[in-house]
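A.B. asks: structure for the following, please:
(one chain, ligands or ions: 1)
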Amino acid sequence: MLPVAEMETALKNGIAKVPDRCAGRHDVGAYNPSDDLEIEVRFLSLADISSVLELEQRKWQDDQRADASMLASRITSFPALSIGAFCTRTGTALASVFMKPARHDIIRKCPTWEDCARKQHGDESAKTGVLFGISLSSVDPKAAQAIFEFFWPHALKAGWSEVYLGSPVPGLRNWISKNPDIPVAQYVRGERKGLPLDPQLRYYFKKGFRKIVAINDNYFPHEPSLDVGVLIVGKVPLSGLSFIWKRVPLPWLQRMKKLFFVCL
Ligand SMILES: CC(C)(COP(=O)(O)OP(=O)(O)OC[C@H]1O[C@@H](n2cnc3c(N)ncnc32)[C@H](O)[C@@H]1OP(=O)(O)O)[C@@H](O)C(=O)NCCC(=O)NCCS
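C.D. replies: Predicted structure coming up:
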């Protein structure tokens with residue numbers, strides 16, 4: 001483990017060294033374990049497609065995952081919204097996120113993930129401040145966290161203030177089997193100790209995605225969620241002061257990364 005000061009510098013430079021292993025917590029055996037996981041976060045290029053495809057393979061099923069041409073299209077369309085976290089030792093992709101510019105009115109009307117993720121005419125020039133998260137995949141929570149830490153300063157500089165995403169609700173099928181007469185919305189909006197009942201909604205809640213906008217049937221093929229997708233939205237931390245951040249140099253914003261999570 002690095003001393004704290006050295007860790008701060010490494011994190012500032014986009015490289016975090018944390019004790020873990022490149023295999024990721026839920027994928028024992030797929031990669032050589034390592035006690036020291038060094039994570040590099042960077043914007044994706046076409047050269048990263050093969051490692052990102054491996055990650056897709058590990059985290060998504062056949063009818064869910066992106067293929068090489070979908071990844072290429074996302075990266076070439078929005079290179080500043082396509083981010084990966086890699087193990088610096090093996091080059092393995094540990095987490096990825098893909099986003100696109102969006103508009104409140106359009107995204108709220110889209111009934112399915114495909115509609116939300118589809119490239120719309122004018123997306124390239126959109127200056128809406130609003131994004132849609134097409135996909136988040138991760139085999140290690142530290143890698144996913146490193147991606148958020150990497151992206152928030154860039155988001156503030158670019159003037160992005162809100163991010164929509166469609167979350168599965170993997171606890172739904174099980175809940176319905178025990179509560180067949182209770183509406184799905186009651187589960188989706190249900191809380192225990194101030195946190196959502198559903199594990200994935202709880203995950204996003206902790207990352208700042210707290211507002212439920214819509215509950216969509218047949219949103220995305222996902223058996224445990226009974227194909228239900230919940231459109232949620234989160235604010236980019238500190239984006240209320242965007243007029244200031246546009247004038248602040250990026251490295252200064254990157255140094256503030258701890259503050260972003262206090263402000264969630
Ligand atoms: C969702 C995802 C990106 C989170 O990755 P991560 O930051 O590495 O975190 P983990 O997968 O360890 O999940 C963290 C916690 O969130 C909860 N969680 C998140 N997604 C979950 C899911 N689909 N089912 C059950 N629990 C889930 C778990 O409670 C887990 O808690 P644990 O520490 O007790 O295991 C990752 O699980 C993934 O790639 N899933 C498949 C693809 C997906 O669903 N992407 C998001 C679509 S919007």
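
A.B. asks: which element is Trp152 on?
C.D. replies: helix 141-158 (DSSP states H and E).

A.B. asks: in three-state terms, label the residue sitting furthest away from the middle of the chain for me.
C.D. replies: Distance from the C-alpha centroid of the chain, by C-alpha atoms, centre = their mean, peaks at Asp181 (33.0 Å). Following DSSP: H, G, I helix; E, B strand; the rest coil, Asp181 is assigned to coil.

A.B. asks: same question for the helix or strand hosting Glu40, mean pLDDT?
C.D. replies: Using DSSP H and E, the element containing Glu40 is strand 36-43. For strand 36-43, mean pLDDT is 91.

A.B. asks: near the ligand, which residues of the stretch 51-200 of the chain?
C.D. replies: Where the stretch 51-200 of the chain comes near the ligand, counting by C-beta under 6 Å from any ligand atom, the residues are 59-60, 136-138, 140-141, 144, 165, 167-168, 170, 199-200. (Glycine included, C-beta is placed from N, CA and C.)

A.B. asks: try it again at 8 Å.
C.D. replies: Within reach of the ligand by C-beta under 8 Å from any ligand atom, the stretch 51-200 of the chain has these residues: 59-60, 64, 95, 133, 135-145, 165-168, 170-171, 199-200.

A.B. asks: let's see which of these end up in strands.
C.D. replies: Ala95, Gly133, Ser135, Leu136, Ser137, Ser138, Leu165, Gly166, Ser167, Pro168 (DSSP state E).

A.B. asks: how many neighbours does the fifth one have?
C.D. replies: Neighbourhood size, Ser137 [other C-beta atoms under 10 Å]: 22.
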